[in-house]
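can't give you the sequence, but here's the structure:
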């Protein structure tokens with residue numbers, strides 16, 4: 001889930017904003033606040049000392065406090081160091097008002113639904129500060145959409161016909177948004193304050209421990225020397241990065257700093273290099289086990305175990321990366337691009353041998369998620385193991401090369417301790433003991449500094465996700481209060497009576513349009529509130545209907561004109577973001593096709609009446625369609641394809657995807673004919 005950032009100029013990049021450069025007292029203040037934020041979240045996760053609403057309120061308070069300190073009101077402020085006096089005021093006010101829920105908790109419960117004038121004033125200021133924070137860190141698009149929903153809640157009674165609602169008092173709307181659990185402190189904020197923050201921190205610790213270097217070494221060693229190796233390295237390393245990071249934009253800025261220049265150096269165009277990195281990075285949100293923040297929100301919304309979401313995403317995620325890998329292979333063949341010299345590629349097994357212990361927390365996380373433990377508990381175990389292994393590695397490096405054996409068994413023992421009563425206290429004591437030992441060994445202080453920096457970076461990286469989760473609560477609050485979601489759902493149902501495909505197409509367009517500048521999280525929350533219930537009534541399985549809107553929320557970040565991942569890649573590739581976005585859509589064709597296939601055959605997401613034969617059949621269809629679409633899009637298989645061959649291959653692929661009687665048979669026949677003809681022609685050539 002981590003919004004990882006590379007070092008350097010892009011380090012303080014969020015979805016839209018650039019943080020101000022800081023030094024001196026301002027930098028120390030930000031570090032102190034970030035450490036307090038991370039510590040607060042760890043205490044909440046370990047001991048649950050506060051009520052749910054107070055915990056959410058303080059989480060939002062920390063988000064706003066850190067956002068106002070880090071992100072200036074204007075772009076000009078990002079070029080000048082120091083924190084403006086009014087930002088200090090905004091930051092202090094935001095956190096102080098967040099404590100209002102804590103200080104007056106009992107009184108607020110007693111007068112629920114009947115706010116006082118002070119309550120209304122506090123609620124209004126909190127909402128205004130949230131809008132400003134979202135504008136600074138996420139840009140204008142999402143705040144404007146939320147403002148439109150807020151205006152609908154305030155003045156919607158004056159609209160004509162079915163669009164109008166019965167009208168609500170100003171105090172009722174403020175109470176709904178700022179003091180209940182269906183506004184800015186709703187389920188998205190709850191998930192941000194619990195699961196999401198822990199997994200962001202987990203990713204930050206792994207990255208600082210050297211996981212990115214391990215992923216790059218593995219990718220380079222395994223595929224760097226093959227045809228078009230640099231692009232395949234980008235796909236593989238971004239896919240591996242996606243296992244611990246759920247932010248597409250951050251993945252571009254992390255792995256892209258290495259892979260995009262490498263691809264350009266070995267003959268790929270800047271546009272193709274940027275598109276490959278953007279496509280591969282966006283897949284991180286659907287790549288198990290961590291996936292993106294949306295997966296946690298989806299599990300909470302649907303009231304299903306997180307492992308069920310992971311299971312549904314597994315095959316589509318693999319198909320997504322197979323598509324990207326296949327596209328880069330065909331492009332390399334078309335342009336006769338070679339890989340890196342074998343001797344310049346690292347030995348992947350040696351890299352794994354040197355850093356094998358970094359895999360342990362990820363393996364433990366996967367095992368616990370699929371064993372039925374909650375994401376919060378699993379995240380705590382993974383985070384604790386990572387901290388122990390970082391400290392243990394520093395101690396082991398000082399003692400002897402065989403000390404890793406003891407570190408391993410210590411980690412296993414500590415994981416077991418978590419299952420016992422008082423396990424959290426045991427693990428805190430042991431981490432403290434290891435940290436004390438670290439102080440006395442060479443390089444130990446640097447290790448402790450790395451851990452401190454992980455806590456700081458984790459808090460910073462949580463800001464875009466957390467602020468988005470909070471402000472989108474305004475939309476949820478208005479939809480819940482007015483019942484407006486049912487109107488749009490009714491329209492989709494009306495269309496679906498004649499054609500399920502048209503309903504899916506309409507839902508896809510809504511997701512893509514909303515995604516023009518809106519991050520995946522609010523995009524999913526809005527569309528799942530409106531469209532997913534309608535798809536469910538049309539017979540689409542529950543998880544599949546939510547995954548459908550989730551996928552197209554992700555694809556929106558690749559689709560022009562406002563493609564956030566493409567803009568991030570363009571800053572490194574030095575090419576047009578629009579051209580990169582168009583090429584990325586072509587490379588990511590599986591992301592557009594797989595959701596439709598899953599609706600018509602839910603076995604692709606392991607839903608419904610699942611059989612081994614049924615899953616194998618639908619996966620085989622998808623793979624053949626991907627192979628043909630790749631040839632049609634790139635214009636090359638074993639040899640270049642002429643326009644008629646490309647059109648025929650695309651038509652055959654479409655037949656395999658379309659859920660109409662006899663289309664499978666026609667698709668297989670066309671595929672066989674095309675492959676036979678192409679093999680015959682390529683051998684003659």
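Received it, and whenever you're ready, just let me know what you need. Small disclaimer: the values here were computed from a predicted structure and weren't measured.

Could you check how far residue 184 is from residue 206?
Separation of residue 184 from residue 206 (CB to CB, to the nearest Å): 31 Å. Where C-beta positions appear, they are placed from N, C-alpha and C, glycine not excepted.

Could you pull up the residues touching residue 604?
Residues in contact with residue 604 (CB atoms under 8 Å, 6 or more residues apart in numbering) are 315, 316, 594, 597, 598, 615, 618, 619, 622.

residue contacts, the fourth one?
By CB under 8 Å, 6+ apart, the contact set of residue 597 is 604, 618, 621, 622, 657.

In helices, which of the residues you listed appear?
Assignment to helices by DSSP state H places the following of the contacts of residue 597 there: 618, 621, 622, 657.

quick one: which of these is nearest to residue 30?
Checking these against residue 30 with CB to CB, the nearest one is residue 622 at 46.9 Å.

hang on, isn't the closest one packed against residue 598?
No - the criterion here is CB atoms under 8 Å, and residue 622 misses it with residue 598 at 9.6 Å.

if we can go back for a sec, quick one: which of the contacts of residue 604 is most hemmed in?
Compared across those, residue 598 has the highest neighbour count, 28 neighbours, by other CB atoms under 10 Å.

Point out where the stretch 451-600 of the chain drops to low pLDDT.
Scanning the stretch 451-600 of the chain for pLDDT under 70 picks out 485-490, 492-493, 496-497, 515-517, 561-562.

low pLDDT regions in the stretch 301-450 of the chain?
Under the criterion pLDDT under 70, the flagged ranges of the stretch 301-450 of the chain are 398-423.

what about 50?
Where the stretch 301-450 of the chain drops to pLDDT under 50, the residues are 421.

got the residue ranges for the helices in it?
All helices of the stretch 301-450 of the chain, identified by DSSP state H, counting those that start in this stretch, fall at 306-335, 348-355, 359-370, 375-399, 403-418, 423-439, 444-482.

Quick one, which of those helices gets closest to residue 646.
Of all those, it is helix 306-335 that lies closest to residue 646, at 11.8 Å by CB to CB.

who does the closest one touch, helix- and strand-wise?
Applying 3 or more CB pairs under 8 Å, 6 or more residues apart in numbering; DSSP states H and E, one finds that helix 306-335 makes contact with helix 229-242, helix 270-282, helix 293-302, helix 359-370, helix 542-555, helix 577-587, helix 589-600, helix 612-634.

Redo the ones you listed as JSON lines? Include distance to residue 465.
Below are these laid out as JSON lines (distance: least, CB to CB, whole Å):
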{"stretch": "helix 229-242", "distance to residue 465": "16"}
{"stretch": "helix 270-282", "distance to residue 465": "15"}
{"stretch": "helix 293-302", "distance to residue 465": "5"}
{"stretch": "helix 359-370", "distance to residue 465": "19"}
{"stretch": "helix 542-555", "distance to residue 465": "14"}
{"stretch": "helix 577-587", "distance to residue 465": "22"}
{"stretch": "helix 589-600", "distance to residue 465": "21"}
{"stretch": "helix 612-634", "distance to residue 465": "31"}
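
wait, which of the helices of the stretch 301-450 of the chain is closest to residue 644?
Across the helices of the stretch 301-450 of the chain, closest to residue 644 is helix 306-335 (CB to CB), at 17.7 Å.

Pull out the buried residues from that closest one.
Neighbour counts over helix 306-335 (16 or more other CB atoms under 10 Å) mark 306-334 as buried.

try stretch 643-655
For stretch 643-655, by 16+ other CB under 10 Å, it's 645, 646, 648, 649, 650, 652, 653, 654, 655.

before we move on, what about stretch 337-347?
Of the residues in stretch 337-347, 337, 339, 340, 345, 346 count as buried by neighbour count, 16+ other CB under 10 Å.

any chance you could read off phi and psi for the fourth one?
Pointing back at residue 345 there. With angles defined as degrees, to the nearest 10, residue 345 sits at phi -90, psi 140.

Was I right to think it contacts residue 221?
Yes - at 5.3 Å, residue 345 counts as touching residue 221 under the criterion of CB under 8 Å.

Check the gap between residue 228 and residue 327 for me.
The spacing between residue 228 and residue 327, counted by CB to CB, is 10 Å.

which residues are common contacts for the two?
Here residue 228 and residue 327 have no joint contacts, going by CB under 8 Å, 6+ apart.

Report the outermost residue of the chain with respect to its centre.
Going by CA atoms, centre = their mean, the residue of the chain most distant from its centre is residue 684, 47.4 Å out.

now that residue: how far from residue 670?
21 Å.

Point me to the helix or strand that includes residue 83.
Counting by DSSP states H and E, residue 83 is held by no secondary-structure element, helix or strand.

Kindly indicate whether the closest residue to it other than its chain neighbours is helix, strand or coil.
The shortest distance from residue 83 to any non-neighbouring residue, by CB to CB, 6 or more residues apart in numbering, is to residue 26 (4.7 Å). At residue 26 the chain is in helix, as set by DSSP: H, G, I helix; E, B strand; the rest coil.

From what I see, residue 26 and residue 82 are in contact.
Yes - with contact defined as CB under 8 Å, residue 26 counts as touching residue 82 (5.8 Å).
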